[in-house]
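> what shape does this take:
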Amino acid sequence: MEKWDIVVVITALVALFASVITPIIKLNTSITKLTVTMELLSKNVSDMNCGNDKEHDEFRKTDEAHTRRLDNHELRIDGLEGKRTKRPTA
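Numbering: from 1, shown residues only. Predicted structure coming up:
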């Protein structure tokens, strides 16, 4: 083997190594970014669900208060009209 054959073989090995390592490094970088993005997305969804639960609880409380007030209002109107004096059972 001549010395230029050795240089060609070494150059080919370096090119092969570079062609394999470059996509692996890019893939690793992409996977890392994706992992960070998914962790942030998961945290945001968890925070959003917690906030939604609080808002739904507030809506339920307000709805119950409005229902009680409306029932009381209907009883007062019925009492004024003289139709019934007891609260209806539902």
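> tell me the pLDDT at His66?
Among the per-residue scores, His66 holds a pLDDT of 88.
> who's in contact with it?
For His66, the contact set (CB atoms under 8 Å, 6 or more residues apart in numbering) is empty. Quick note: C-beta positions are derived from backbone N, CA and C, even for glycine.
> now do the SS call for it.
Classification of His66 into helix, strand or coil gives helix, according to DSSP: H, G, I helix; E, B strand; the rest coil.
> who are the contact partners of the residue positioned nearest the centre of the chain?
For the chain, the residue sitting closest to the mean C-alpha position, by CA atoms, centre = their mean, is Val45 at 2.2 Å. Taking CB under 8 Å, 6+ apart, we find Val45 in contact with no residue.
> what's the helix or strand for it?
Of the helices and strands defined by DSSP states H and E, Val45 is found in helix 3-81.
> residue ranges with poor pLDDT in this protein?
When residues are selected by pLDDT under 70, those of the chain lie in 1, 83-90.
> rerun that using 50 as the cut-off
Counting by pLDDT under 50, the chain contains no low-confidence segment.
> can you point out the buried residues in stretch 30-50?
Of all the residues in stretch 30-50, not one is buried under the rule 16 or more other CB atoms under 10 Å.
> begin at 10, not 1, for the rest of this chat.
Will do, 10 is the new start, and the previous item becomes stretch 39-59.
> for stretch 52-70, list the C-alpha coordinates in CSV.
Provided in CSV are the C-alpha atoms of stretch 52-70 (Å, rounded to 0.1, in the frame of the first residue of the first chain):
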residue,chain,number,x,y,z
LYS,A,52,-46.9,21.7,33.6
ASN,A,53,-49.1,24.2,31.8
VAL,A,54,-51.9,21.7,31.3
SER,A,55,-51.7,20.7,35.0
ASP,A,56,-51.9,24.4,36.0
MET,A,57,-54.8,25.0,33.7
ASN,A,58,-56.7,22.0,35.0
CYS,A,59,-56.2,23.2,38.6
GLY,A,60,-57.4,26.7,37.6
ASN,A,61,-60.4,25.2,35.8
ASP,A,62,-61.4,23.1,38.9
LYS,A,63,-61.3,26.3,41.1
GLU,A,64,-63.4,28.2,38.6
HIS,A,65,-66.0,25.3,38.3
ASP,A,66,-66.3,25.2,42.1
GLU,A,67,-67.0,28.9,42.1
PHE,A,68,-69.6,28.5,39.4
ARG,A,69,-71.3,25.7,41.3
LYS,A,70,-71.4,27.8,44.5
